[in-house]
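1. Sequence first, predicted model second:
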Amino acid sequence: MAGEQIRLLPFWHSMINKGLTLVSNMFSNLNVTDMETCYKVFRTDLLKSIPIRSNRFGFEPEITMKVSKRKLRVYEVPISYHGRTYEEGKKIGWKDGVRALGVILYFWLIDDLYVTSYGRGLLNSLTGTPQYLSWLTRVLRPRLGDTVLELGAGIGNLTGRLMARKLNYVASEKDPLYLHALRNRFLRTPNVTVCELNPENPGDFAAWAEAFDTVLCVNVLESVAEPESVLRSLRTSLKPGGSVIVLVPQGPALYGSLDRALGHQRRFSSTGIREMLERSGFRLDAVQQLNKVGAAAWWISGKLLRRKKISKPSLKIFDKTVWFWRRTDGLLPWRGLSLVAIAKREDAKGNASSRS
């Protein structure tokens, strides 16, 4: 017999293993040869950022689902494996197979992707719902120019949807783990550049002076110590006539336990964001409220019940019904959970800059 000598395993054990791998691949959208393989290699800091909830053989499907949802770049390499018989000490049984199936389905539904210390990781999980992201993309995309700088790009949820057909899209981050995720995700995307940039450090903008038509500032200003300083810094990276698009949480009265858990230092009013933009050298062009049904849920969870986490099954239900809430958002009589403001850079005379 030509080829490598391998030890034959029990037929039904092999079939169950292949079946679990098939189900795992279907739900994770990864083409893994053997999901229950014994070896997985990670960068230490990356692995420490992933919460592990399973024991025994549930670890394998859990980590596979989370690697897929975090958009990590995965490679398979050959390993040497010589399976044991049950007489020799093999421990996996049919109950472990049933549990593994349950783990696959559970972590397909639940986005438990970051350890507690990564507050913005929770925010990425919250905004990482496809229908909500589509809604947000519909609002932001028409306002983008050909060259775009995105501050605080996180793991690239918005980047992946907005970067298409742009001449140059720069996704910036200050967190090393998110930078690693962005570089993996856009490694072979020629019009996307990933760079390290701390929005609170004015010197980090020096390399991008007057380089962009649009600066995208989504879920950033609520978490920094001096939001006006960030706006003044990002203004220097805009071309004459360039625009900043700011998305912030709306309603100071809504500030509560959920905001503190996410690392928010404030929520904004439409008047407050207008005045802040004007003091920072911008002229407000448009302002839009977004996600009014989310404001009601936020008030109940963060103010009334004082919860520190949003129910992830509830978040999934919301995402599946976004098609309805998007169409009725303008009909609801209260303010939205988020505020989108679009402003143009002003010149030294106080007039909106224009291109020559």
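-> Sure, I can see it. Numbers count the residues shown, from 1 in each chain.
2. And the strands in the protein?
-> For the chain, applying DSSP state E gives strands covering 147-151, 168-173, 192-196, 212-218, 238-249, 282-290, 338-345.
3. got the angle for the fourth one vs strand 168-173?
-> It stands for strand 212-218. 30 degrees (axes from the mean of the first three to the mean of the last three C-alpha atoms, to 10 degrees).
4. quick one: which of the strands of the chain is nearest Lys69?
-> Evaluated over these, closeness to Lys69 peaks at strand 168-173, with 18.1 Å, by C-beta to C-beta. Glycine gets a C-beta too; all of them are placed from N, C-alpha and C.
5. Quick check: can you name the pairing partners of the closest one and their directions?
-> Taking DSSP bridges as the criterion, strand 168-173 pairs within the sheet with strand 147-151 (parallel), strand 192-196 (parallel).
6. Now do stretch 25-39, average pLDDT.
-> For stretch 25-39, the mean per-residue pLDDT is 87.
7. which residues sit against that stretch?
-> For stretch 25-39, the external contacting residues (C-beta atoms under 8 Å, 6 or more residues apart in numbering) are 17, 20-21, 24, 57, 60-61, 64-65, 67-69, 74, 76, 79, 81, 92, 100, 104-105, 108.
8. Straight-line length of that stretch, end to end?
-> Stretch 25-39 has an end-to-end distance of 17 Å (C-alpha to C-alpha, to the nearest Å).
9. can you map out the helices along the chain?
-> Listed from the start of the chain, the chain has helices (DSSP state H) covering 11-28, 44-48, 59-69, 94-109, 119-127, 130-140, 159-162, 176-185, 227-235, 257-262, 270-279, 292-298, 312-320, 322-328.
10. weakest of those helices by average pLDDT?
-> Minimum mean pLDDT among the helices of the chain: helix 119-127, a mean of 51.
11. Chain neighbours aside, what residue packs nearest to Gly160?
-> Leaving aside its sequence neighbours, Gly160 sits nearest to Arg185 (C-beta to C-beta, 6 or more residues apart in numbering; 7.0 Å).
12. So what's the residue count around the one you found?
-> For Arg185, the count of nearby residues is 22 (other C-beta atoms under 10 Å).
13. Run a quick neighbour tally on the residue nearest to Lys308 when sequence neighbours are not counted.
-> Nearest residue to Lys308, sequence neighbours excluded (C-beta to C-beta, 6+ apart): Ala261, at 4.2 Å. For Ala261, the count of nearby residues is 17 (other C-beta under 10 Å).
14. ok, back up a step: single out the most deeply packed of the strands paired with strand 168-173.
-> Of all these, strand 147-151 carries the top mean neighbour count, a mean of 25, counting by mean count of other C-beta atoms under 10 Å.
15. Buried subset of the contacts of stretch 25-39 as a ChimeraX selection?
-> If you want just the buried ones from the contacts of stretch 25-39 in ChimeraX, going by 16 or more other C-beta atoms under 10 Å, the selection is:
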select :17,20,21,24,57,60,61,64,65,67,68,69,100,104,108
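16. Adding distance to Gln265 and mean pLDDT, write the strands of the chain out as TSV.
-> As requested, these are exported to TSV (distance: least, C-beta to C-beta, whole Å; pLDDT from 0 to 100):
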stretch	distance to Gln265	mean pLDDT
strand 147-151	16	96
strand 168-173	19	94
strand 192-196	23	95
strand 212-218	15	96
strand 238-249	11	95
strand 282-290	21	94
strand 338-345	16	96
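17. now these in a markdown table, with distance to Leu133?
-> Listed next are those as a markdown table, based on distance: least, C-beta to C-beta, whole Å:
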| stretch | distance to Leu133 |
| --- | --- |
| strand 147-151 | 14 |
| strand 168-173 | 15 |
| strand 192-196 | 17 |
| strand 212-218 | 11 |
| strand 238-249 | 12 |
| strand 282-290 | 13 |
| strand 338-345 | 13 |
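18. out of the helices of the chain, nearest to Asp204?
-> helix 227-235 (7.9 Å).
19. Who are the packing partners of the closest one?
-> On a contact count with 3 or more C-beta pairs under 8 Å, 6 or more residues apart in numbering; DSSP states H and E, helix 227-235 meets strand 147-151, strand 212-218, strand 238-249, helix 270-279.
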